[in-house]
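Trainee: Return atomic coordinates for the entry below.
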Amino acid sequence: MTKARRTLLSACVAIATLLLAPVHARSEETQGAKTIDRLTVSSLARYKAVPPARDAGSSSYALRGALDLVLERDPRIGEAAAEARAAETDVFAQLMRYTPVITASIESRMDVATGRDVLFRNDAIPDSYGKVELRFPVFTGGRRSADLKRSRELSLARQYRYQAVRDDVSLQAVELWTNAWLGIAEQGIVEERIARLRSLRASIDDRRRNGFASGSDLARLDAEIAATRRIFNDVVARRDKARAELARLGGGGAATARGALPQLSRHLPASKAQLLALARRANPSLLAAAADYRASIHQARSSYGQLLPQVDATAEWRHDLERADHLSRRDGWTVGLSLKVPLFDLSSGAASRADRERTDAALYREAQTLNTVQIDIDRLYIDKATLRENDRALEAELAARRKSAAAARSRYAEGFGDLEEVIDAQNELDDTRRLAVLAKGEAFMVDARLLVRGGLFRTTMLGG
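Mentor: The predicted model follows:
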């Protein structure tokens, strides 16, 4: 009878293995195929496919539309979102520690008798049984609660970092779009300069044929036109670089840069002190650092819980599959409590001490993040004040340059001035116009960076 039951058990195990192995293999193969499919060239090609360009009819929608395209495609945002979802799943996993764990198992062993009883000398005693066990942790030394709180704080930190990544990507896209916009504005100024120099050259050429100008005047204008063409090429190159990077991040429609810059300054608080106070409550990087610090506190408490007793409630149903005839059977339910008290565990003690030190490190990181945010805001406000003063100075300089260029042209037309004076005065006017355009773009980016550092930036601020 014993051999028959043993043979039957072995046959059942073999049949189950043969039946389940192909299913498990197909499941692993399917999962592997799905994983490989996500990494294939065709998948990457679908990701890089350029979406249709959006209609950028209004001035502000051109920038917001470009930013929306970048935010839809940038892989850094997808990575941060996946990390946030994984952290949320970990919270669910920690919650499940409050539920019982049920396991089923089959155990089989052979006990070799070594006693003095001749009846059992050199004989093997079979012992096989199946059981279903339910185990529920009643007291874990606070580890279960601390781990749940830690996972919640880490989930918050991931959400804040997701927002920080969005802000960084948004700031990069806005800066690229602004650089392309500035390139277009500068290109227009340089093109006007080239057209004016060519018109002046044609006029000088007529005067030379009538004996009122020399060949050196034409050579001077040719050199000036060539130098301006070099400036033009540099301006177009900077514009095209910004467009190319923007198109790579957001597709062809994102490279549209036209219209006026939105007024971001109206979204800023009235003073720097107010922005610093808002940044403490809204800056995602600072909030993530604070959440990391709180998570480190809960981790230290969890590590300390390893040094405390642990109580588990257990329930087990067992059924003997093979049992020696002289031994009693153990079929049925068994209910009990399990108490584990750590008496000597140097490893857990060292780990608890290390986690307390990591808590201090997390506090210092939070303080450093706060310092960085405050320093950035201080610098940006200084830049904003400097740009405001420079803007007034540029307006006055621009008015004076226009008068100087007009006077030089008038004197030259009347025959009292020379060509060098006209060229220099007009070049200085064009350079001042370019500086005014660049200052406008720089002021716009300072406002955008201030909004990001304060945690106040929203895509709706760009209009549309």
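
Trainee: domains of the protein?
Mentor: Under the assignment automatic domain parsing, the domains of the chain span 58-99+142-307+347-462, 100-139+308-344.

Trainee: List the residues that contact residue 285.
Mentor: Counting by CB atoms under 8 Å, 6 or more residues apart in numbering, residue 285 makes contact with 160, 161, 164, 369, 373. In short, each C-beta sits where N, CA and C put it, glycine included.

Trainee: Find the pair from the residues you listed with maximum spatial separation.
Mentor: 161 and 373 (14.7 Å; CB to CB).

Trainee: would CSV of the domains of the chain with mean pLDDT be doable?
Mentor: Putting those into CSV (pLDDT from 0 to 100) gives the following:
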stretch, mean pLDDT
domain 58-99+142-307+347-462, 90
domain 100-139+308-344, 78
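
Trainee: any idea which of these is most buried?
Mentor: Highest mean neighbour count among those (mean count of other CB atoms under 10 Å): domain 58-99+142-307+347-462, with a mean of 17.

Trainee: Assumed residue 131 was part of a helix.
Mentor: No: assessed with DSSP: H, G, I helix; E, B strand; the rest coil, residue 131 is strand; it does not lie in a helix.

Trainee: phi, psi of residue 209?
Mentor: Main-chain dihedrals, residue 209, degrees, to the nearest 10: phi -70, psi -30.

Trainee: Next, name the residue at the spatial heart of the chain.
Mentor: residue 165 (3.2 Å; CA atoms, centre = their mean).

Trainee: now the helices for the stretch 301-450 of the chain?
Mentor: Remark: helices assigned in the stretch 301-450 of the chain by DSSP state H, counting those that start in this stretch are 346-414, 419-453.

Trainee: okay, those helices in CSV with distance to residue 185 next?
Mentor: CSV is the format used below for those (distance: least, CB to CB, whole Å):
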stretch, distance to residue 185
helix 346-414, 14
helix 419-453, 5
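
Trainee: mind checking which helix or strand the residue nearest to the centre of the chain is in?
Mentor: helix 143-209 (DSSP states H and E).

Trainee: Could you point out the helix or strand that follows that helix?
Mentor: Using DSSP H and E, the first helix or strand after helix 143-209 is helix 215-250.

Trainee: what angle separates that next one from helix 143-209?
Mentor: Following axes from the mean of the first three to the mean of the last three CA atoms, to 10 degrees, one obtains 160 degrees for the angle between helix 215-250 and helix 143-209.

Trainee: same for helix 215-250, what does it pack against?
Mentor: Helix 215-250 makes packing contacts with helix 59-73, helix 143-209, helix 419-453 when contacts are defined by 3 or more CB pairs under 8 Å, 6 or more residues apart in numbering; DSSP states H and E.

Trainee: and that helix with helix 59-73, angle?
Mentor: Going by the same axes, to 10 degrees, helix 215-250 makes 50 degrees with helix 59-73.
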